[in-house]
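Student: Predicted coordinates and the sequence they were generated for:
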Amino acid sequence: MPTSRPSLPQRPPPRTVSITGVGAYVPQRILSNADLERMVETSNDWITTRTGIRERRLAAENEATSDMAVEAARRAMTNAGVTADQIDLIIVATITPDRLFPSTACIVQDRIGAVRAAAFDLEAACSGFVYTLEVGSQFVASHTYNTVLIIGAEKMSAFVDWTDRNTCVLFGDGAGAAVLQHRPGSHGLLMTCLGSDGGKSELLQVPGGGSACPATIDSVSKKLHFLRMDGKETFKNAVNAMVSAAQEVLGRCGVTVDQLACIIPHQANQRIMSAVADRLGAREDQLYVNVDRYGNTSAASVAIALDEALSQGRIKAGDLVLLVVFGAGLTWGAALIEW
Ligand code: ACO
């Protein structure tokens, strides 16, 4: 005879999740196109016409990804009005962690004094912030946690070959963070779509340093620990994936492009952003763009742009905001938010 057991507690129905605070940090040092002209065979004209980038920020030598993440996190917490002891979970999206392990999220947890928080890193390259947004939201929606801190932080300058003009002009350092909570009466995150295609992993990668190719004198001399990229193929895949991810979330929510107050694409390249806007039928003035000042900051890019768009009053309560991203993996995603 099976013994009857007392009824177990039921999980309450899922709840909405809002971004209740955003913060960003970029390092002070500016590397202009003119500076790059003195380092590799390039020109301000080539860089601006091909990418829209005029300058980028570089972390100091003793400034790690976690240092930038901590600063962005503190600003997001202040803006959300939360203290470190309220944070239940920290997720750091990064492809440039302080070390292979432990996670950068654990370093941040200690530095900000989030003594109750669980912490882990998430790796989805430049798509990382939208991935953490969706993953972090699930914990709040399911009532597992009340307050989740998500961070996109990168020190790309540490993995860029500063003698390779094909890549070194494109990237910059920085961090952005957001606090996720249930805010009664607000819809918040309406829909997310995420995707990947590991069959194209070689388009954009750091070949060395992992278990497949551990660091040796030979691997260092072959520069296998620096970022490598097939720019043209990456470009084509980025436009296609970003357009279809955006169309999927909009279609599933019954929202048209003209209803969007602000579109924040991953800030990889002005031409990619313009092509995406064009294919979506969006006006250029719906886009938020800061690639000219920061270059491609990978997982931090959308978070830094979101922080700036908010502080410039480009996004107001009730506005519909679309984030759309693409990165190595390949990975991509889009998120529609009612602010
Ligand atoms: N300065 C001057 N000339 C350059 C430079 C430079 N910095 N870099 C490349 N060139 C040269 C090339 O050597 C080539 O010369 P060649 O014709 O004599 O061989 C010429 O310029 C044309 O190069 P292309 O690669 O055809 O230039 P393209 O128009 O494709 O632009 C770019 C290159 C800007 C890299 C573009 O392909 C691009 O933006 N791709 C997407 C990159 C990207 O967004 N990556 C990040 C994705 S997200 C992530 O996870 C990190």
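Tutor: It's in. Numbering: from 1, shown residues only.
Student: what about Asp161, how many neighbours?
Tutor: 15 (other C-beta atoms under 10 Å). All C-beta atoms are positioned from the backbone trio N, CA, C, and that covers glycine.
Student: How about the contacts made by it?
Tutor: Neighbour list for Asp161: Thr167, Cys168, Lys223, Phe226, Leu227 [criterion: C-beta atoms under 8 Å, 6 or more residues apart in numbering].
Student: Need the pLDDT of the fourth one.
Tutor: Okay, so that is Phe226. What the model reports as pLDDT for Phe226 is 97.
Student: quick thing: my sequence starts at 25, can you match it?
Tutor: Sure, I'll start counting at 25 from here, so that last one is Phe250.
Student: my read: it touches Asp188, true?
Tutor: Yes: assessed by C-beta atoms under 8 Å, Phe250 is found in contact with Asp188 at 7.2 Å.
Student: between these two, who's got more neighbours?
Tutor: Higher neighbour count among Phe250 and Asp188: Phe250, with 20 against 15, using other C-beta under 10 Å.
Student: Close to the ligand: what parts of the stretch 175-324 of the chain are there?
Tutor: 189-190, 193, 228, 253, 255-256, 258-259, 262, 292-293, 296, 320, 322 (C-beta under 6 Å from any ligand atom).
Student: Mark which of those are buried, thanks.
Tutor: By neighbour count, with 16 or more other C-beta atoms under 10 Å, those hold Arg189, Val193, Leu228, Met253, Thr258, Phe259, Ala262, Ala292, Asn293, Ile296, Asn320, Ser322 as buried.
Student: What are the neighbouring residues in contact with Lys267?
Tutor: If you look again at residue 267, you'll see it is Val, not Lys. Neighbours of Val267 in contact, by C-beta under 8 Å, 6+ apart: Val300, Arg303, Leu304.
Student: What of Met92?
Tutor: Counting by C-beta under 8 Å, 6+ apart, Met92 touches Tyr49, Val50, Pro51, Ala83, Ala177, Glu178, Lys179, Asp197, Gly198, Ala199, Ala324.
Student: Same check on Ala299?
Tutor: Going by C-beta under 8 Å, 6+ apart, Ala299 touches Val263.
Student: Give the next helix or strand downstream of the stretch of helix or strand it belongs to.
Tutor: Using DSSP states H and E, Ala299 sits in helix 294-304. Following helix 294-304 in sequence order, the next helix or strand is helix 315-318 (DSSP H and E).
Student: For that next one, buried residues please.
Tutor: Val315, Arg317, Tyr318.
Student: According to the record, where do the domains of the chain fall?
Tutor: Under the assignment automatic domain parsing, the domains of the chain span 42-208, 213-362.
Student: so of those, which one's packed in deepest?
Tutor: domain 42-208 (a mean of 21; mean count of other C-beta atoms under 10 Å).
Student: Report the mean confidence score over that domain.
Tutor: Mean pLDDT, domain 42-208: 98.
Student: thinking again about what came up before, mind checking the domains of the chain for the one nearest to Ser31?
Tutor: Evaluated over the domains of the chain, closeness to Ser31 peaks at domain 42-208, with 18.0 Å, by C-beta to C-beta.
Student: Span of that closest one from start to end?
Tutor: 9 Å (C-alpha to C-alpha, to the nearest Å).
Student: try stretch 120-133
Tutor: With C-alpha to C-alpha as the measure, stretch 120-133 spans 17 Å from end to end.
Student: ok, so of the contacts of Val267, who is nearest the ligand?
Tutor: Val300 (11.7 Å; C-beta to the nearest ligand atom).
Student: ok, the closest one - contacts?
Tutor: Val300 touches Val263, Met266, Val267, Ala270, Pro289, Ala306, Val348, counting by C-beta under 8 Å, 6+ apart.
Student: Now the closest residue to it other than its chain neighbours: phi and psi?
Tutor: Spatial nearest neighbour of Val300, chain neighbours left out: Met266 (4.7 Å); criterion: C-beta to C-beta, 6 or more residues apart in numbering. When quoted as degrees, to the nearest 10, the phi and psi of Met266 stand at phi -70, psi -40.
Student: Met266 and Thr40, how far apart?
Tutor: 26 Å (C-beta to C-beta, to the nearest Å).
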